[in-house]
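K.L.:
Fold the following.
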Amino acid sequence: MCELFGMSARHPTDVNHSLALLRPRGGEIGPHSDGWGVAFYEGRAARVFKEPVPAAESRCLAFISEYDFQSTTVVAHIRKANPAEIGRASANTHPFERELCGCSWVFAHNGKLPGMRDDPGLTPRRFLPMGDTDSEYAFCLLLDAIAEHGDSACAFSPADFVTRIDRLVEQLAGFGEFNFMLSDGDHLTAPVHSRLHLLRRTCDQEDCQQEVVLLATSPLTDEPWVPLIPGSLYVFAHGTELARKAVSSPLETVSQSPKFENEEMCA
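P.N.:
Here you go, the predicted structure:
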């Protein structure tokens, strides 16, 4: 499988430390050696860096981990090809990116969805895959589901957004494992099929209090990462949890995630 990492922050910050800890899992201390990618948002646009090489061996990722890119939303991924014949290629490397409503949408997935392409009701329309992965195919289906609302697709609340995709998310999860991160730059959406952990950090940064939510398939540090509930869909923005929905349960809109222990280092 693969590993996911995401960050949502109140103010722009870097994720150097987190990327440095994630990097060796890509082929050195972990088996995810078939590619890496990271997207940093700057307003509506995402800077996407990725390579179909082991993260642990990438000079590019080593450079990025020290470059101090600042963002409020980050999505990162290290890949283990499964099945192996869908091998290393730029088109198969996460996160994937498409334009919708005048902004970049990025998507990264952990899992596989065998049989999804055989369902005649699950055929991409406006958004088409460029690679061979089930992940990118599912991303295209999700964007089609969002875009089918026409002009209203560009102006929606977190509750509306969850309502638009939750049925499709549940349907796709029926084919296999479907943990993913999806972002439009403002919101970070994270359905949890099997495993995802959350860490909240609060620290002072340049005369303001910084709120940061970190998400990772497996905890990156010895801090109190909290396992999120399988079968739930979470939406974060600017370091705050905006909404969550459990499978077959009503949407819950929340003003803020539970507080955890403070940490001086923000990301």
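
K.L.:
For this structure, which strand extends over the most residues?
P.N.:
When every strand of the chain is counted residue by residue (DSSP state E), the longest turns out to be strand 3-13.

K.L.:
Put the alpha carbons of that strand into PDB.
P.N.:
In PDB, the C-alpha atoms belonging to strand 3-13 read as follows (Å, rounded to 0.1, in the frame of the first residue of the first chain):
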ATOM      1  CA  GLU A   3       1.300   6.300   3.100                       C
ATOM      2  CA  LEU A   4      -0.500   9.600   3.200                       C
ATOM      3  CA  PHE A   5       0.400  12.900   4.900                       C
ATOM      4  CA  GLY A   6      -1.600  16.100   5.100                       C
ATOM      5  CA  MET A   7      -1.500  19.400   6.900                       C
ATOM      6  CA  SER A   8      -4.100  22.200   7.500                       C
ATOM      7  CA  ALA A   9      -2.900  25.300   9.200                       C
ATOM      8  CA  ARG A  10      -4.400  28.600  10.300                       C
ATOM      9  CA  HIS A  11      -1.400  30.500   8.900                       C
ATOM     10  CA  PRO A  12       1.200  29.600   6.300                       C
ATOM     11  CA  THR A  13       3.900  27.300   7.800                       C
END
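
K.L.:
List the buried residues for that strand?
P.N.:
Along strand 3-13, the positions that meet the burial threshold by neighbour count (16 or more other C-beta atoms under 10 Å) are 3-11, 13. All C-beta spots, glycine's among them, are computed from the backbone N, C-alpha and C.

K.L.:
For the protein, which segments count as helices?
P.N.:
With DSSP state H as the definition, the chain shows helices at residue ranges 16-22, 59-64, 134-147, 158-173.

K.L.:
Could I get the buried residue list for the second one?
P.N.:
Which is helix 59-64. By neighbour count on 16+ other C-beta under 10 Å, the buried set for helix 59-64 is 61, 64.

K.L.:
Residue 178: how many residues sit nearby?
P.N.:
Here the number of neighbours of residue 178 (other C-beta atoms under 10 Å) works out to 24.

K.L.:
surely it meets residue 190?
P.N.:
No. At 11.3 Å, residue 178 and residue 190 do not qualify as touching, with contact defined as C-beta atoms under 8 Å.

K.L.:
Now the phi/psi pair for the nearest residue to residue 111 once chain neighbours are set aside, please.
P.N.:
With C-beta to C-beta, 6 or more residues apart in numbering as the criterion, residue 111 has its nearest non-adjacent residue at 3.0 Å, and that residue is residue 177. Torsion angles at residue 177 (phi, psi; degrees, to the nearest 10) stand at phi -100, psi 130.

K.L.:
which ones are touching residue 177?
P.N.:
The neighbours of residue 177, taking C-beta atoms under 8 Å, 6 or more residues apart in numbering as the test, are 1, 110-113, 193-194.

K.L.:
okay, it: pLDDT?
P.N.:
You'll see residue 177 listed with a pLDDT of 94.

K.L.:
Take the contacts of residue 177 and lay them out in a markdown table including neighbour count and distance to residue 144.
P.N.:
Listed next are these as a markdown table, based on neighbours: other C-beta atoms under 10 Å; distance: C-beta to C-beta, whole Å:
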| residue | neighbour count | distance to residue 144 |
| --- | --- | --- |
| 1 | 17 | 25 |
| 110 | 25 | 22 |
| 111 | 22 | 20 |
| 112 | 18 | 20 |
| 113 | 20 | 16 |
| 193 | 22 | 20 |
| 194 | 14 | 25 |
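
K.L.:
Let me know whether residue 128 touches residue 140 as I believe.
P.N.:
Yes. Counting by C-beta under 8 Å, residue 128 sits close enough to residue 140 to count as a contact (6.1 Å).
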